[in-house]
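*Asks:* Fold the following and give me the result.
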Amino acid sequence: MDSTIRSFQYWSCIIKRIRLTRRILSWGFRLQTSDSRLGLVLLQQPPATIDNKGVFGVAKILKKLQLAPAVWEFEVDAPLIAHKCKPGQFVMVLVDETSERIPLTIGDFDREKGSITLMVQAVGNTTRHLCEDFAQGDEIQHILGPLGQPSEMGRFGTVVMVCGGIGVAPVHPIARAYHELGNKVITIIGGRHKDLILWRDRMEKISDEVIITTDDGSEGIKGFVTDPLRKMLEEGNHPDLVVAIGPIIMMMNVAKVTQPFNVKTTASLSCLMVDGTGMCGGCRVQVGGESKFTCCDGPEFDAHQVDFKNLMQRSKMYKDQEAVEYSCGGHCRCVEE
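*Replies:* Below is the predicted model:
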């Protein structure tokens, strides 16, 4: 009986999200207005054109900067999104008409300038296309946002931001907001090597303390981001909130470290997202025994309630197919065959 009820609840949730998506698509022009109830903006510069493929807009790349091997920073002209977005939210990007839509978390925004900043790691076909073939002054075909639930804001006291790799990008606006609200912000940034410590200068401006860890000891503490966090807790310096954003394994270990000390911990699961509207179910996650969709219900959840074991198993489901596709550049149809 319980399984039947859970199945019914799951499919009811799917149907509701499909209906919501249809409403979003049918309201394309309304979503351009800054007073949209849904808070979504379909970036349009110049005004939208509609054909049998849907509603399209254009976003100009204002700046492109390489931060590390295969990691690039893009500042994009998006005044409506910059005006409405909040820390923790993301956008859906359609690079051109031949590319797939990809979710990218907003790493920074300038409301006066009307721009948003995205950090992109070239790991798949679309992200490689964007990083390798697009330059400053080029135009991205379509950006939709802001999407997702914004981060919980408040004056907590001491907040520890734990980030690994490109996870520093979504951490940046969240940490800045906490700092502006009067919280003491301690940031722990981790990477395999010192060259992979990204946006350190940005984080130092908005943090009371920045701790660096590297796997090889090339800079800062030799070890993982959980090492200084564990030391902090064992010494009795308990923060009021810990926010972890990065690889799944890193967030899982952060949750394991903080749970015995009963420290409130949040994890952002943005790395799971695919279509960004809740239709595909690729970002489904078990939180407290309930099915949640990262793109609609998150991306942030109580890290102590997330079923990371199931999450790790599901994230490996398509490893073989991905290896075949990437080995041939993604230009053939061998995966489908």
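
*Asks:* quick one: the closest residue to G157 other than its chain neighbours from R155, how far?
*Replies:* Sequence neighbours aside, D240 is the residue nearest to G157 in space, at 3.9 Å (criterion: Cβ to Cβ, 6 or more residues apart in numbering). Glycine gets a C-beta too; all of them are placed from N, C-alpha and C. For D240, the distance to R155 equals 9 Å [Cβ to Cβ, to the nearest Å].

*Asks:* which of these two has more neighbours?
*Replies:* The residue with more neighbours, out of D240 and R155, is D240; 15 against 10, by other Cβ atoms under 10 Å.

*Asks:* V254 sits in which helix or strand?
*Replies:* helix 248-258 (DSSP states H and E).

*Asks:* Mean confidence (pLDDT) on the following helix or strand past that helix, please.
*Replies:* Downstream of helix 248-258, the first helix or strand assigned by DSSP H and E is strand 265-268. With pLDDT averaged residue by residue, strand 265-268 scores 95.

*Asks:* if we look at strand 265-268, which residues are touching it?
*Replies:* For strand 265-268, contacts defined as Cβ atoms under 8 Å, 6 or more residues apart in numbering pick out 88, 105, 151-152, 167, 170, 241-245, 251, 254-255, 258-259, 298-304, 306.

*Asks:* what packs against the following helix or strand past it?
*Replies:* Remark: after strand 265-268, the chain's next helix or strand is strand 284-287, criterion DSSP H and E. Where contact means 3 or more Cβ pairs under 8 Å, 6 or more residues apart in numbering; DSSP states H and E, strand 284-287 is packed against strand 290-293, strand 300-302, helix 308-315.

*Asks:* These: which one's closest to I188?
*Replies:* strand 300-302 (17.5 Å; Cβ to Cβ).

*Asks:* What is that closest one packed up against?
*Replies:* strand 265-268, strand 284-287.

*Asks:* Each with direction, which strands does the first one pair with?
*Replies:* Meaning strand 265-268. Its sheet considered, strand 265-268 pairs with strand 241-245 (parallel), strand 300-302 (antiparallel) by DSSP bridges.

*Asks:* By mean pLDDT, point me to the weakest helix or strand of the protein.
*Replies:* strand 54-56 (a mean of 31; mean pLDDT, DSSP states H and E).

*Asks:* Tell me the first helix or strand C-terminal of it.
*Replies:* Past strand 54-56, the next helix or strand by DSSP H and E is strand 59-68.

*Asks:* now the angle from the helix or strand that that next one is followed by to strand 59-68?
*Replies:* Later in the chain than strand 59-68, the nearest helix or strand by DSSP H and E is strand 71-77. With axes from the mean of the first three to the mean of the last three Cα atoms, to 10 degrees applied, the angle from strand 71-77 to strand 59-68 works out at 160 degrees.

*Asks:* what's strand 71-77 packed up against?
*Replies:* strand 59-68, strand 115-121, helix 125-133.

*Asks:* Run the chain-centre distance for it.
*Replies:* Here strand 71-77 is found 15 Å from its chain centre; the criterion is Cα atoms, centre = their mean, to the nearest Å.

*Asks:* Let me know the angle separating that strand from strand 115-121.
*Replies:* Using the same axes, to 10 degrees: strand 71-77 against strand 115-121 is 160 degrees.

*Asks:* what is the mean pLDDT for the helix or strand just after strand 71-77?
*Replies:* Using DSSP H and E, the helix or strand that follows strand 71-77 in sequence is helix 79-84. Helix 79-84 comes out with an average pLDDT of 91.

*Asks:* Just the buried positions in helix 79-84, please.
*Replies:* P79, L80, I81, A82, K84 (16 or more other Cβ atoms under 10 Å).

*Asks:* How about the fourth one: what's its closest non-neighbour residue?
*Replies:* Meaning A82. A82 sits nearest to F109 (Cβ to Cβ, 6+ apart), 4.7 Å away.

*Asks:* and the helix or strand hosting that neighbour, which strands flank it?
*Replies:* Assigned by DSSP H and E, F109 falls within strand 101-110. Partners of strand 101-110 in the sheet, by DSSP bridges, are strand 90-94 (antiparallel), strand 115-121 (antiparallel).

*Asks:* For the chain, which residues score under the pLDDT cut-off?
*Replies:* Residues of the chain meeting the criterion pLDDT under 70: 1-57, 317-319, 321-337.

*Asks:* before we move on, back to that, with respect to L272, which of the strands paired with strand 101-110 lies nearest?
*Replies:* strand 90-94 (11.7 Å).

*Asks:* Am I right that T214 is in contact with G220?
*Replies:* Yes - using Cβ atoms under 8 Å, T214 is in contact with G220, at 5.8 Å.

*Asks:* Are there residues contacting both of those two? Which ones?
*Replies:* K194, I197.

*Asks:* how about TSV for the helices and strands packed on strand 71-77, with distance to K292 added?
*Replies:* Formatted as TSV, these follow (distance: least, Cβ to Cβ, whole Å):
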stretch	distance to K292
strand 59-68	30
strand 115-121	25
helix 125-133	25
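
*Asks:* out of these, deepest packed?
*Replies:* strand 115-121 (a mean of 23; mean count of other Cβ atoms under 10 Å).
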